[in-house]
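Chemist: this one's structure only:
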């Protein structure tokens with residue numbers, strides 16, 4: 001029988017006594033779904049899983065989607081490779097929600113540590129629900145009904161600026177036009193309200209002047225990542241993190257270069273747009 005041990009009172013829990021090389025039982029799936037909604041992110045240790053195991057674990061919770069610009073595993077297009085070292089440093093150094101630039105952003109992500117540096121390379125997660133609940137009541141009221149624009153092109157602006165970047169990403173830009181999401185959304189399971197924006201994909205808060213949008217965006221983003229809302233996951237080889245993409249921000253800590261860090265991820269589709 002699986003056990004779930006909370007990392008702290010705000011978010012994060014470690015799952016034990018579960019073998020992910022075996023088919024996921026329906027009772028375990030229900031327990032994991034409940035724990036994910038409650039804890040925002042689940043951690044697993046010492047899971048020596050195949051690519052098929054990884055894919056099947058993700059499929060237990062919904063359909064999988066590929067990434068428009070990252071490489072993938074041969075024969076498993078839904079498994080994205082995140083490989084970084086001194087010759088290919090990570091461009092991701094801001095807190096974000098994965099692909100919030102889509103009309104229906106992903107429900108979750110499952111990341112496997114395949115090659116983990118001896119030191120560094122942790123991932124931080126922050127609770128958007130706890131951050132919202134701590135806002136002053138007057139600010140909560142003013143945010144209700146506001147929207148923000150999320151943009152693939154804005155999120156990949158650094159890659160677009162590289163030689164050949166525009167040509168390489170043009171098809172992805174065409175397939176991912178800007179979208180508008182509510183600034184405050186409600187989690188479909190817990191019904192907790194969440195701040196829904198991030199510095200990578202949120203290009204502006206609508207209905208405000210450019211300086212007002214920038215100030216509010218920066219203020220909310222700073223607020224959301226205070227230490228009291230954050231859980232830090234220290235990777236080991238064959239560790240797994242499964243996060244609810246609707247209710248957390250996350251960011252890798254890029255402090256391990258020149259060492260190699262190779263992760264593999266599946267992304268699970270959601271069934272409804274933010275509301």
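Modeler: It's in. What you see is a predicted model, and the numbers here were worked out from it, not measured in a lab. Numbering: from 1, shown residues only.
Chemist: hey, let's count contacts and neighbours off CA atoms from now on
Modeler: Fine.
Chemist: so which strand or helix has the residue lying closest to residue 14 once chain neighbours are set aside?
Modeler: Excluding the flanking residues, the one nearest residue 14 by Cα to Cα, 6 or more residues apart in numbering is residue 43, at 4.5 Å. Residue 43 is part of strand 41-44 when elements are defined by DSSP states H and E.
Chemist: outside of that strand, which residues touch it?
Modeler: 11-16, 35-36, 125, 239-244, 248 (Cα atoms under 8 Å, 6 or more residues apart in numbering).
Chemist: can you classify residue 221 by secondary structure?
Modeler: Put simply, residue 221 is helix when judged by DSSP: H, G, I helix; E, B strand; the rest coil.
Chemist: state the pLDDT value of it.
Modeler: Residue 221 is assigned a pLDDT of 98 by the prediction.
Chemist: for residue 225, same thing?
Modeler: With respect to pLDDT, residue 225 scores 98.
Chemist: now it. Nearest residue, chain neighbours left out?
Modeler: residue 126 is the one closest to residue 225 (Cα to Cα, 6+ apart), at 5.9 Å.
Chemist: the one you found in helix, strand or coil?
Modeler: Put simply, residue 126 is strand when judged by three-state DSSP.
Chemist: for it, name its beta-bridge partners.
Modeler: Listed by DSSP bridges, the beta-bridge partners for residue 126 are residue 230, residue 249.
Chemist: in strands, which of the contacts of strand 41-44 fall?
Modeler: Here DSSP state E is the test, and these give 13, 14, 15, 16, 125, 240, 241, 242, 243, 244, 248 as lying in strands.
Chemist: neighbours of the residue lying closest to the fifth one once chain neighbours are set aside, how many?
Modeler: So the one you mean is residue 125. Excluding the flanking residues, the one nearest residue 125 by Cα to Cα, 6+ apart is residue 250, at 4.4 Å. Counted by other Cα atoms under 10 Å, the residues lying close to residue 250 total 23.
Chemist: what's next to stretch 222-232, contact-wise?
Modeler: Residues outside stretch 222-232 that contact it (Cα under 8 Å, 6+ apart): 7-8, 10-12, 122-128, 130-132.
Chemist: just the buried residues of the ones in strands among the contacts of strand 41-44.
Modeler: The neighbour-count test (16 or more other Cα atoms under 10 Å) applied to the ones in strands among the contacts of strand 41-44 identifies 13, 14, 15, 125, 240, 241, 242, 243, 244, 248 as buried.
Chemist: ok so, going back, and the buried ones among the contacts of stretch 222-232, selectable in PyMOL?
Modeler: Paste this into PyMOL to select the buried members of the contacts of stretch 222-232, with burial taken from 16+ other Cα under 10 Å:
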select buried, resi 7+10+11+12+122+123+124+125+126+127+128+130+131+132
